[in-house]
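# Below are the sequence and a predicted model for it; my questions follow.
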Amino acid sequence: MKPLNPCWNQVGAWGDSTCPELRRHAHCRNCAVYSQAAVDLLDRDIPEDYLEASAGHYAQVVETSTRGAASAVIFRVQDEWLALSTSVLKEICDLRTVRSLPHQRNAAVLGIVNVRGEMLVCISLAVLLSSAGSAHAGADRLARMRLLVAARNGERLVFPVDEVHGVLRFDSAQLTEAPATVARTASTYTRAMLQWKDKAVGVLDEDLLFQSLRRALP
């Protein structure tokens, strides 16, 4: 087997550039010596252990990662930080007038609200989840409040929240079981917990939530 003489790394373009052929070829890639070296490499016999090493490499089990495969919108209802899948949350709106519905006795139903010309039923998650935390009253609270538009199986609803962080991507490995200490009715709708910054976020079960929202409709 003819040994290679990598002159391109010594006196060539990748070396000290003292090769007299550089003036004529401008770069080693244009030189016949460099081209011949490539041909010689291709003509070499396959090393005895190459096939075995190659087979071992491709036989290894490849571990795939699905990090960031799921996404949810993180928001706050009074003192509770919650998350709901982006598959059901369609829009985040500024606060707007909620008009009450006559003869409505369900405290969770706040009324109807106009969102882009469509009248949607507005539901209070604070009532539905029996949240008894602080409402953070004042101008700061109003500035942070938003309306979330959710849709599932053709139904569109809207509910006010005290603050919206935004979309967070995560994978299933980051979810933990909801502890028994999760208080109030919120535990019924919480399918898992997600750690976000220094906060424990309850990931809501969209199926159970929409079933309850449906029951609350007039």
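Perfect, I can see it now.
# Bridged to the most centrally placed residue in the chain, which residues?
The centroid of the chain falls nearest to Arg169 when counting by CA atoms, centre = their mean (1.9 Å). Counting by DSSP bridges, Arg169 forms beta bridges with Ser71.
# Flag the shaky bits of this structure, pLDDT-wise.
For the chain, the stretches with pLDDT under 70 are 1-2, 58, 61-68, 131-142, 179-187, 218.
# And the strands in it, which stretches?
With DSSP state E as the criterion, the chain has strands at 70-77, 80-85, 89-93, 98-99, 109-115, 118-123, 146-152, 155-161, 163-170, 175-176, 190-196, 199-204.
# of those strands, which approaches Leu22 most closely?
Proximity to Leu22, assessed across these by CB to CB, is greatest for strand 163-170 (51.6 Å). No exception for glycine: its C-beta is placed from N, CA and C like everyone else's.
# Buried ones in the closest one, by neighbour count?
For strand 163-170, the neighbour count (16 or more other CB atoms under 10 Å) marks 163-164, 168, 170 as buried.
# Of those residues, just say which sits nearest to Ser54.
Using CB to CB, Phe170 is the member of the buried residues of strand 163-170 that sits closest to Ser54, with 37.3 Å.
# surely the closest one meets Ser85?
No - look at Phe170 against Ser85 with CB atoms under 8 Å: they stay out of range, at 11.0 Å.
# Find residues that contact each of these two.
70-72 (CB atoms under 8 Å, 6 or more residues apart in numbering).
# Give me the buried subset of these.
The neighbour count (16+ other CB under 10 Å) marks 70, 72 as buried among those.
# Closest one of the shared contacts of Phe170 and Ser85 to Ala126?
Checking those against Ala126 by CB to CB gives Ala72 as the nearest, at 19.1 Å.
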